[in-house]
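Colleague: Predicted model and sequence below, questions to follow.
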There are 2 protein chains.
Amino acid sequence: MKFWASIILTAALAGPAMAQDKPAEPPSPQDILDRSVPASWRTIAADDLVVMTLADGGQVIYQLAPDFAPVHVANIRQLVRSGYFDGAVILRVQDNYVVQWGRPDEDPTKPVGIDEHPPAEYDWPLKTLKFKPMPWRDAYARKAGHVASWPVATDGKSAWLVHCYGLIGVARDVAPDTGSSTQLYTVMGHAPRHLDRNLAVVGRIVAGMEYLTARPRGSEALGFYKTGPEQMKIVSARMAADLTAPEQPHWQILDSDTPTFDAWLKARANRSGAFFVKAAGALDVCNALPPVRTHP
Amino acid sequence: MKFWASIILTAALAGPAMAQDKPAEPPSPQDILDRSVPASWRTIAADDLVVMTLADGGQVIYQLAPDFAPVHVANIRQLVRSGYFDGAVILRVQDNYVVQWGRPDEDPTKPVGIDEHPPAEYDWPLKTLKFKPMPWRDAYARKAGHVASWPVATDGKSAWLVHCYGLIGVARDVAPDTGSSTQLYTVMGHAPRHLDRNLAVVGRIVAGMEYLTARPRGSEALGFYKTGPEQMKIVSARMAADLTAPEQPHWQILDSDTPTFDAWLKARANRSGAFFVKAAGALDVCNALPPVRTHP
């Protein structure tokens, strides 16, 4: 009976207390999702979803962020559609930091039809975004919150996507290089917020994160794999929009502009139930990533 | 040339710029460690180090925090010394959350000589601790900082160890159970700060974290493994103090009460060099975990 997490699960499944002689428990985050109406969920467009299949059978699905990094994202779509990532590899897994994939530097394959030098799509004027702040402090920015279900931070003038767990960025050379999207990385550890505003954040992992994070860490410096069998092959990357109907994944994300999301945030910040002694009363933006679900 | 991290490494190895016609780069965090004097490092006592060996050969070394959880830590030492963890297993790996180990609930092995019901060693009066605040905001607490190289947060009255990546806590049943230390977990993902003040934090991983985090995620709910071969065996857990001299590991941790640590924090908050466009100007407590090294 020491599986504290089993207890949490049981409590979540049991739902709020119904006995008349004690006040009802506030709903858990999961209760709120279970009772949500369809309108609280945003359907992710098939042209914003990439399906990446690994040689070990793992399937990783990620969502693109064209509103935040339009040129980098246009490059990714073009790289995917031109087959650039078919036969690319997992280059690097560094514990508590990032997983990086693409083609090794020495690979002669040339990308075709992309913008080799995108602008620095690192931040945007706050006033151009429909930013919804969270009521809590942020360790790095004046405010943190959401824009269309993406985690965003702001200094009051500009705003940027946050390097949270599962967010995807574009690897690059030293500044002023901005990266052309031929190598991508995802965050797998405590949010490396010092990367915010220094690299283009272009998306987030929607499913299959564990096929990247549960890999052996690379044996070279910074978690790079040795060239050769250590590098897991990417069999293919496809835009969901280009798949046949039966192959197409359908995903939704909780809409950050809904009362359901507000209730979910509040419940996440104030955990209650038999397990908890004290509620945190706050929530970090990287602990407030809107949940996703397959299309019901 | 798109290995941005390789560039960071190169910049770090090259050290600060020496050319007379431009200002010297401020030192990088690694430069500061490289130039540190021995007195900036705290030697971790052998009676505070546990060496855990897994059936796949992985060796995980963790440091205990007796000043923060004396009864829970006394239990761990007793459990280790009585062989309780020899033959225990990795019970659970949940992506972006925790790795949990110990004996499965159905295991009949009884712990011997421990306090089955420790006090709730979750927080302490601030005034009893030599707390050194960081100058930046914290998303969850009034202040965050360090006590003797441990990450600590405070509301101004009480203070507690923070659930950062690699910190270790004691699994427990629903409140008011406090856990007897027979099952432990470590954080492997973005800091689940809602657990702060709800569980006893008893230590941190010093080495071998990847032997826990790179494991396949458990196939059951919440990342639990099915009973049987899915559960990696723990061959042995030993107090470093009980090992023979040649077997004994020797670790040091950067002392948070030194100017070297202050300089390291500042450099971490203000990354510079050819790679960076903008410095964050801040640091989250879980991105400010004092580095460790083997004893020189």
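Modeller: Cool, the structure landed.

Colleague: in the sheet, who's paired with the spatially most central residue of chain A?
Modeller: The residue lying closest to the centre of chain A (CA atoms, centre = their mean) is residue A:204, at 2.9 Å. Under the criterion DSSP bridges, residue A:204 forms beta bridges with residue A:63, residue A:167.

Colleague: Help me confirm that it comes into contact with residue A:61.
Modeller: No: at 10.3 Å, residue A:204 does not count as touching residue A:61 under the criterion of CB atoms under 8 Å. In this view, the C-beta of every residue, glycine as well, is placed from N, C-alpha and C.

Colleague: Let me know the distance separating residue A:253 from residue B:197.
Modeller: Residue A:253 sits 31 Å away from residue B:197 when distances are taken as CB to CB, to the nearest Å.

Colleague: So between those two, which is more surrounded?
Modeller: Neighbours per residue, other CB atoms under 10 Å in any protein chain shown: of residue A:253 and residue B:197, the larger number sits with residue B:197, 25 against 21.

Colleague: contacting residues for the residue nearest to the centre of chain A?
Modeller: By CB atoms under 8 Å, 6 or more residues apart in numbering or on different chains, the residues touching residue A:204 are A:62, A:63, A:65, A:150, A:164, A:166, A:167, A:168, A:186, A:289.

Colleague: sec struct for the last one, please.
Modeller: Following DSSP: H, G, I helix; E, B strand; the rest coil, residue A:289 is assigned to coil.

Colleague: That one and residue A:166 touch, don't they?
Modeller: Yes: contact criterion CB under 8 Å: residue A:289 and residue A:166 qualify, at 7.0 Å.

Colleague: Low-confidence ranges, chain A, go.
Modeller: Chain A contains residues with pLDDT under 70 at A:1-23, A:296.

Colleague: How are the helices of it distributed by residue range?
Modeller: Using DSSP state H, the helices of chain A run over residues A:4-14, A:29-34, A:70-81, A:210-213, A:259-269.

Colleague: Quick one: distance of the second one to the chain centre.
Modeller: Meaning helix A:29-34. 20 Å (CA atoms, centre = their mean, to the nearest Å).

Colleague: what do you get for the last one?
Modeller: Relative to its parent chain, helix A:259-269 has a centroid offset of 19 Å by CA atoms, centre = their mean.

Colleague: Any buried residues in that helix, and which?
Modeller: Buried residues in helix A:259-269, counted by 16 or more other CB atoms under 10 Å in any protein chain shown: A:260, A:261, A:263, A:264, A:265, A:267, A:268, A:269.

Colleague: near chain B too, which of those?
Modeller: The subset of those within reach of chain B, counting by CB under 8 Å from any CB of the partner chain, consists of A:268, A:269.

Colleague: Reformat the buried residues of helix A:259-269 into JSON lines and put distance to residue A:180 next to each item.
Modeller: Formatted as JSON lines, these follow (distance: CB to CB, whole Å):
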{"residue": "A:260", "distance to residue A:180": "38"}
{"residue": "A:261", "distance to residue A:180": "34"}
{"residue": "A:263", "distance to residue A:180": "41"}
{"residue": "A:264", "distance to residue A:180": "37"}
{"residue": "A:265", "distance to residue A:180": "36"}
{"residue": "A:267", "distance to residue A:180": "41"}
{"residue": "A:268", "distance to residue A:180": "37"}
{"residue": "A:269", "distance to residue A:180": "39"}
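
Colleague: Residue A:42 touches residue A:146, doesn't it?
Modeller: No: contact between residue A:42 and residue A:146 fails when scored by CB under 8 Å: they sit 11.4 Å apart.

Colleague: So for the two, which sits in the more crowded spot?
Modeller: A direct count of neighbours by other CB under 10 Å for residue A:42 and residue A:146 places residue A:146 higher, at 25 against 18.

Colleague: Wait, that one touches residue A:290, no?
Modeller: Yes: Residue A:146 is within contact range of residue A:290, at 7.2 Å (criterion: CB under 8 Å).

Colleague: Spit out the residues that contact the two alike.
Modeller: Common neighbours of residue A:146 and residue A:290 (criterion: CB under 8 Å, 6+ apart): A:256, A:261.

Colleague: how close does residue A:218 get to residue A:104?
Modeller: 12 Å.

Colleague: higher neighbour count, these two?
Modeller: Each of residue A:218 and residue A:104 has its neighbours counted (other CB under 10 Å); residue A:218 has more, 21 against 17.

Colleague: residues contacting that one?
Modeller: Contacts of residue A:218 (CB under 8 Å, 6+ apart): A:91, A:92, A:93, A:94, A:224, A:225, A:226, A:230.

Colleague: repeat for residue A:220
Modeller: Contacts of residue A:220 by CB under 8 Å, 6+ apart are residue A:226.

Colleague: With residue A:47 instead?
Modeller: Neighbour list for residue A:47: A:77, A:239, A:240, A:241 [criterion: CB under 8 Å, 6+ apart].

Colleague: In strands, which of the residues you listed fall?
Modeller: residue A:239 (DSSP state E).

Colleague: In JSON lines, list the contacts of residue A:47 along with distance to chain B and neighbour count.
Modeller: JSON lines is the format used below for these (distance: CB to the nearest CB, whole Å; neighbours: other CB atoms under 10 Å in any protein chain shown):
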{"residue": "A:77", "distance to chain B": "19", "neighbour count": "19"}
{"residue": "A:239", "distance to chain B": "22", "neighbour count": "17"}
{"residue": "A:240", "distance to chain B": "22", "neighbour count": "20"}
{"residue": "A:241", "distance to chain B": "27", "neighbour count": "14"}
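
Colleague: farthest pair in the contacts of residue A:47?
Modeller: The distance between the two most remote of the contacts of residue A:47 (CB to CB) is 11.2 Å, for A:77 and A:240.

Colleague: Excluding covalently adjacent residues, which one is nearest to residue A:212?
Modeller: Here the nearest residue to residue A:212 in space, its sequence neighbours aside, is residue A:99; by CB to CB, 6 or more residues apart in numbering or on different chains that works out to 4.2 Å.

Colleague: Sorry, wrong one. I was asking about residue A:189.
Modeller: residue A:96 (3.4 Å).

Colleague: quick revisit: shared neighbours of residue A:218 and residue A:104, anything?
Modeller: Taking CB under 8 Å, 6+ apart as the contact rule, residue A:218 and residue A:104 both touch residue A:91.

Colleague: Quick one: the strands in the stretch 151-296 of chain A, in order.
Modeller: Secondary structure of the stretch 151-296 of chain A (DSSP state E, counting those that start in this stretch): strands located at A:158-161, A:167-170, A:183-188, A:201-207, A:234-239, A:251-254, A:292-294.

Colleague: neighbours around residue A:246, how many?
Modeller: Residue A:246 has 5 nearby residues by other CB under 10 Å.

Colleague: what does residue A:250 give?
Modeller: 13.

Colleague: Residue A:100 versus residue A:64, what's the distance?
Modeller: Going from residue A:64 to residue A:100 by CB to CB gives 17 Å.

Colleague: State the distance from residue A:275 to residue B:201.
Modeller: Counting by CB to CB, the separation of residue A:275 from residue B:201 is 16 Å.

Colleague: if we can go back for a sec, closest one to residue A:81 out of the contacts of residue A:204, please.
Modeller: Nearest to residue A:81 among the contacts of residue A:204, counting by CB to CB, is residue A:62 at 15.3 Å.
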